[in-house]
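[1] what's the 3D shape of this:
(chains A and B, ligands or ions: 2)
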Amino acid sequence: MDRFDAIIIGGGATGAEVARDLSLRGLKTVLLERNDLSSGTSGRLHGLLHSGGRYVVKDKESARECAEESKILLEIASNSAHLTGGLFVGISKIDDPEFRDLFLQGCRECNVEAKELSPKEALQMEPYLNEDIDSAFYVNDGSVYPFRLIVSTALQASQLGASIQTYSEVIALHKDDETVTGVRVKDHRKGKIYDLYADVVINATGVWAGEIAKLADIHIPITPSKGVMVVIDRRLFTRVVNRLRFPANGDIIVPHISTAIIGTTSVSMEHPDQFPVTAEEVDEMIREGAVLSPFVEEARMVRAYAGNRPLFGAEPGEEGREISRTFRVLDHEIRDGVTGLITITGGKLTTYRLMAEKTADLVAQKLGLRADCVTHKTKLPGAEEHDLDFSEIAKKLKIPWLLADRTIGRWEAEAKTIFNYMEENPITRLTACSCEYVSNAEVKYTIDKLWAYTLEDICKRTQAGFGICQGGLCTLKLAHQLFEYSKNKEISDIQKAIIDFIEERWKGTKFVLWMNQLRQELLNQAVFSCVGNYDQLYKKILESRK
Amino acid sequence: MDTTYDAIVIGAGMAGLTAARKIAEVGKKVAVLSRGLGTTNMSTGAIDLLGYTQNKLVSNPEDEIRSFVRTSPRHPYAILGNGDDKKALEILKDSIQEFLKITKMAYVGDTTRNVVLSNYFGTYRPSCIIPLTMKNGNLLEFTDTKLMVVGIRGYAEFNAKFFAKSLHHTVNSFFRQNTLKEVVPKEIAIPSLGKDKEITSIEIAEALDTEYAFSRFLEQLKKSIIDIDVEIVVIPAILGYKNWVQNHTILEKELGVPVFECLSLPPSVPGQRLQQILENAASDVGVEIHRGIQVLSAHIENNECKTLETIADIYRQTFEADVYVLASGSFIAEGLYFDGKKIYEPIFNLPVHSPNRNNFSERRLESGKHSIAFAGIQVTETMKPIIEKGDEITNLFAAGSILANYDYISEKSGLGVALTTGYRAGMNAINKL
Ligand SMILES: Cc1cc2nc3c(=O)[nH]c(=O)nc-3n(C[C@H](O)[C@H](O)[C@H](O)COP(=O)(O)OP(=O)(O)OC[C@H]3O[C@@H](n4cnc5c(N)ncnc54)[C@H](O)[C@@H]3O)c2cc1C
Ligand SMILES: Cc1cc2nc3c(=O)[nH]c(=O)nc-3n(C[C@H](O)[C@H](O)[C@H](O)COP(=O)(O)OP(=O)(O)OC[C@H]3O[C@@H](n4cnc5c(N)ncnc54)[C@H](O)[C@@H]3O)c2cc1C
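    Ligands and ions are numbered 1, 2, ... in the order given. Below you'll find the model as predicted:
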C-alpha cells in the first residue's frame, strides 16, 4: 500500500491545504512533514490575517488576494481565524503624510475596505495608542492561530482518507528518466527509511522548496528573508495596529489571546534553516513598538522568535522588474522538463487556501481529473455551528467554568470530543496547565487525534505552557499526560521530551529576560534543575539513548 | 509603633531569620522587615550544603567546602572563614547544630555526609540536612530495594506511575545499578477531599492535620499495602503543617515499614514548614517580624546607615537601628533587580558584581553556565558589602542568596549558604553592637 495519487511534501499551511483540497476532490494523498505540522514558517509568523491593507501601495496583486481570501477564511476556519479589525495610523511628524493618499487610492483599486477615522475616534477605539497620530483608517484585519488552523486542515484531510505523517523527512526523490515517481522518507521517530510512490509529487516546502528541487537537479531562486517578532504579556490593543507608511521594521502589533506580538523585520539569509534572533533586533522591535504605543516599554517581554519568508527571486526574463510578493506554482514539466513534480512556494499564510487551490487545479489537470475546488465552501472541523454552552458544561461535568469556556474558545465544535473524554473518564477533567486552562482531556485529544508526539506538539495545539509561568509548573504535568496516553513510550522518551521542551522554550525566552520575566525564568530553572536535577542529568539521559 | 531597634534585618528568608535570631539571642532588640514570602518558602525544605562541584556529586560536603578556601576563595563558604578553612567549617557546623536545635529535632543530617533523595520528577539529587520525614528516602542506603509509591487521586502534581518508572530508570541507570529492584505505583483517594476533584498539596496537608482525614488516609494506605511485600513506602510531600512529624511516626508504626516524603515543587509544603520553623524560632527569642513592609531606601550619613524608608500598602514609615543586615534574597525575591541593561540592588544601591556581559548560556540546562546566577553583592570576610573606598557603610552586613559568586541551582547549596552566611552576619552584627 505504498502507492498514492499524490505525495505532498511539507506540513505547513500550504501542504496541509493541498492535502485537504485533493482529498476533497477524491484523490488518495499522503502528507510528509519532517518535523511537526506547522513547525516551519507557518508556525513562526506574525499571525496577522491580512485585509490586504498592508500591500495596497507596493504589491497590489497580493492585496487583492488577501482581501478575498481573508473573507473566506473567516467563514471556513472560524475556530482559528478571527476578525479583530485593524487600524492604520500615521504618527505625527514621523510618518510621511503623503502616504495617506496613496493608501486610500490603493484600497480602492484593490477592493480593500477602509474607513477613515479621526485621530480621536481611533484613540477611543484603542486607548493605549500613541496619542500623537494625525491620520487613521479602519480595515478588516484579523488574527489567525496557525497551529490549530493547520491541524484542523490535516484532520479534515485525514478524515477523507489522507495519510498524515509527521517527523517524516523526504531525503531523496525517485526519478525514472525525467519523471519523478516517488520519494525516500526518513522516519525520525522510528529511525526507519522507506519509499513511497505516486503519480504526482508536490513540493510545498515553502522556504525549503529550493532544497527539495535540488534533489531533482532543479534550481529555484528563493532567498530566505528573516523576520523577528517579540511577544509581550498584555493585549494592549483589541485590533491589529499598523503604521500608515511604507512597510518597514516593527510597524505592526497583532493582539493574540492575552498577549500582543510586535513585528517584524526583513533580512536576507543564506540558508532556510537559519533564523537567529539577536538582542539588537529585539531592542529594535521594542523601540518601534513603543512608537505605536508607549505602553510597550512597560510590558513584560514573554518571548522572541523568528521565521524565514520564502522570497521568490526573478525567473529568467523577469530580472530587473519589481516582482510581486505573491506565490508561484511551478510546473516543472514545462519549466524544467521534469514530469511528476510541482512546486508551490511564496505567498502568505492568508493566501494559503488559494495557493493550494491553484496547485490542486494543476494536479487535477495533469491527472485528467474533472473535479472542482470546494475548499472555499467546506468548513474545517470545529468551524461548524454548535450550541456548546460553557456554563451548562461546567455544571454537568463539575469543572471550573473557565476551563469549559477556554476549551470551547480553542476548539469550538470540536470541543465536544474533549468533553466526551471527560465524561468517560473523570480523571481527565483535571487541569494540566492552569495558566491557560488546558485539561488532561484536551491533551489526550491532541495525542489521540492530532499527531502530538512531544510536549512541544501538545503545547502548540493547546497553548499549554504558553501562559504566565512559561511551562515552569506544567512541564511535569504535561509529561505525565504524554506518558499516560501515548503509545509505546519508553520512560527515557518522556525524559527526552522534557529536555527537548525545556530547551525549545529557551530559544524564545532567553532574549527577553529581565524584570519579572527573569524572575519567572530563574524560578523555572530552580524547578527543573535545583529540584529536578535536570541540569546534571540531561547529558546522561541524552547519552543513554544513543 | 516604636520603630527604633538595636538591629534591623531586611528579608524573612533563611538568611534573614537566622541572623535575626542570632542577634536577639544575646538580648538585643531586633526587627525583621519583609515584603512577602521569599524563596525559602518555595524550596523543597531540604537544606543543601553542597551537592555538586565541577558537575561531580559530592559525598562529603565538609571536605569540598574546606578546599573552597583555596580553590574558590570568593565563594561565600570560603569567605565565612576568612581564608582559614578550619574556621569556615567551625561556623558551618555551629550554625547547623543550632539550626537542628531550633527544629526540635524535626530535621536530621550530618555535614560530612550527603544524602541522595528523590523528587516529583522521578529523578534524584543530593542534599544534606533534611526533614525527618525524608530520612528514609536516602537512596545511598538502598540495595535492590522494593519501593511502593503512593499517589493521591486528584493531586495532579504528583503522578505515581510516572514517578515509579522514571525513578527506577534514572536511579539504576545513572546513579547506581541495582539500587532499586522495583517501584510499584499505587493510587489512593482521601475520601474527605472529594473524588475526581482537583486538589493541591496545601489542601491535602491542611486536611492531614485533622485526625479525621489522617485516619482515613492511613486506612487507605494500609489497604493498598496489604498484598504487596514492599520494603519502603514513598509518598508526596503532604503530611501536614502542624502534625507532620507525628503523622510520620504513626504511619511507619501502623504500616510496619519505613515511609518517606519526596522532594516537591512549589508550592511546597516542607518549604512552608521550614519557613514556619524559622519564624517561630525567631519570635521565641523576641524578634519582631513585620510582614508586608517593603524597604524602599536607606539614609546614609558619615558612612553609617541611619534609617530605612519603608512602605506598607500606602503607609510610609521610617525605621531606625544601630546595625542592619541585608538579606533580601536574589532576583526571585527581588533583592536584586535586572532592567535589561544593569543589575541593581534597589535599597542601598550597592555595587552588584556581575561576572559576564552574556547573562545566559546557549543551553538552558547547562549547569553553572548562566553567569547571571553568580551575580550579587560581594562581601568582605566580616560580611560587609564591598563598596568603593570612601563610600563604605560600616554598620551594614549582607547574607543569603543576595551574595555573589555562587550558583545554588547547579551546585545545590541554596539554603546552606543562606543559613551559614545569615548566622555569620548575625554574629558580626553582635560584635558591632
Ligand atoms: C516573520 C514572518 C511573519 C509573517 N507574518 C505573516 C502574517 O502575519 N500573515 C500572513 O498571512 N503571513 C505571514 N507570513 C508568511 C507566512 O508565514 C508564510 O507565507 C506561510 O506560512 C508559508 O506556509 P508554507 O506552508 O508554504 O510553508 P511552511 O510553513 O514553511 O511549510 C513548509 C514545511 O515543509 C517542511 N519541510 C521542509 N523540508 C522538508 C523535507 N525534506 N521533508 C518533509 N518536510 C519538509 C518544513 O518543516 C515546513 O513545515 C510571515 C512570514 C514570516 C517569515
Ligand atoms: C523552587 C525552588 C526550590 C529550591 N529548593 C532548594 C532545596 O531543595 N534546597 C536548598 O538548599 N535550596 C533550595 N532552593 C534555594 C533556596 O530556597 C534559596 O537559596 C534560599 O531560600 C535563599 O534564602 P534567602 O534568605 O537568601 O532569601 P529568600 O528566602 O528569598 O528571602 C528574601 C526575603 O527578602 C524579602 N525582601 C526582598 N526585598 C525586600 C524589600 N525591599 N523590603 C523588604 N523585604 C524584602 C523577601 O520578601 C523575602 O522575605 C530552592 C529555590 C527554589 C526557587
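[2] any low-confidence regions in chain B?
    B:1, B:194-196, B:356-357 (pLDDT under 70).
[3] quick one: buried residues of the lengthiest strand in it?
    The longest strand of chain B (DSSP state E) is strand B:315-326. Buried residues in strand B:315-326, counting neighbours by 16 or more other Cβ atoms under 10 Å in any protein chain shown, are found at B:F319, B:A321, B:D322, B:V323, B:Y324, B:V325, B:L326. For glycine as for every other residue, the C-beta is placed from the backbone atoms N, C-alpha and C.
[4] How far off centre is the strand or helix carrying A:I344?
    Assigned by DSSP states H and E, A:I344 falls within strand A:341-345. Offset of strand A:341-345 from its chain centre (Cα atoms, centre = their mean, to the nearest Å): 20 Å.
[5] so does the longest strand of chain B get close to ligand 2?
    No. Against ligand 2, strand B:315-326 shows no contacts by Cβ under 6 Å from any ligand atom, the least distance being 9.1 Å.
[6] Can you name the element that comes right after that strand?
    Heading C-terminal from strand B:315-326 (DSSP H and E), you reach strand B:337-338.
[7] Spell out whether that following strand and chain A are in contact.
    Yes. Contact of strand B:337-338 with chain A (Cβ under 8 Å from any Cβ of the partner chain) involves B:Y337, B:F338.
[8] Describe which strands the following helix or strand past that strand pairs with in its sheet and in which direction.
    Using DSSP H and E, the helix or strand that follows strand B:337-338 in sequence is strand B:343-344. Paired with strand B:343-344 in the same sheet, following DSSP bridges, are strand B:337-338 (antiparallel).
[9] any idea how far the strand it pairs with is from the chain center?
    Worked out by Cα atoms, centre = their mean, strand B:337-338 lies 22 Å from the chain centre.
[10] What of stretch A:406-418?
    The answer for stretch A:406-418 is 19 Å, by Cα atoms, centre = their mean.
[11] does that stretch come close to chain B?
    No. Stretch A:406-418 lies apart from chain B when judged by Cβ under 8 Å from any Cβ; the minimum separation is 15.1 Å.
[12] In CSV, list the C-alpha atoms belonging to that stretch.
    These are the backbone C-alpha positions of stretch A:406-418, laid out as CSV (Å, rounded to 0.1, in the frame of the first residue of the first chain):
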residue,chain,number,x,y,z
ARG,A,406,-11.4,28.2,27.2
THR,A,407,-11.8,24.7,25.8
ILE,A,408,-14.7,25.8,23.6
GLY,A,409,-12.8,29.0,22.7
ARG,A,410,-10.0,26.9,21.3
TRP,A,411,-11.8,24.1,19.6
GLU,A,412,-15.3,25.4,19.1
ALA,A,413,-17.5,22.5,17.8
GLU,A,414,-14.6,20.0,18.2
ALA,A,415,-14.6,20.6,21.9
LYS,A,416,-17.4,18.0,22.0
THR,A,417,-14.8,15.3,21.6
ILE,A,418,-12.9,16.7,24.6
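[13] shaky segments in chain A?
    A:1-2, A:317-324, A:546.
[14] Would you map out the domains in it?
    A:3-41+A:147-221+A:325-377, A:77-143+A:223-312, A:390-543 (automatic domain parsing).
[15] Looking at these, spot the one closest to ligand 2.
    Comparing those against ligand 2 with Cβ to the nearest ligand atom, the closest turns out to be domain A:390-543 (3.5 Å).
[16] How about the closest one and ligand 1, touching?
    No. Domain A:390-543 does not reach ligand 1 (Cβ under 6 Å from any ligand atom); its nearest approach is 12.1 Å.
[17] now A:E297, nearest residue through space, not along the chain?
    Distances taken as Cβ to Cβ, 6 or more residues apart in numbering or on different chains place A:A290 nearest to A:E297, at 5.1 Å, with adjacent residues excluded.
[18] Skipping adjacent residues, who's closest to A:G106 in space?
    In space, A:G106 is closest to A:V56, 2.9 Å off (Cβ to Cβ, 6+ apart).
[19] Isn't that neighbour up against A:D101?
    No. With contact defined as Cβ atoms under 8 Å, A:V56 does not count as touching A:D101 (11.7 Å).
[20] Looking at those two, which one has more neighbours?
    A:V56 (28 against 9; other Cβ atoms under 10 Å in any protein chain shown).
[21] Now the more buried one: phi and psi?
    Dihedral angles of A:V56 (phi, psi; degrees, to the nearest 10) stand at phi -60, psi -20.
[22] how near is it to A:E385?
    Applying Cβ to Cβ, to the nearest Å, the value for A:V56 to A:E385 is 34 Å.
[23] got it, and A:E412?
    9 Å.
[24] Of these two, give the one with the bigger neighbour count.
    A direct count of neighbours by other Cβ under 10 Å for A:E412 and A:E385 places A:E412 higher, at 22 against 8.
[25] ok, the residue lying farthest from the centre of chain A to B:G335 distance?
    When each C-alpha in chain A is compared with the mean C-alpha position (Cα atoms, centre = their mean), A:D177 comes out farthest, at 37.1 Å. To B:G335, A:D177 is 73 Å away according to Cβ to Cβ.
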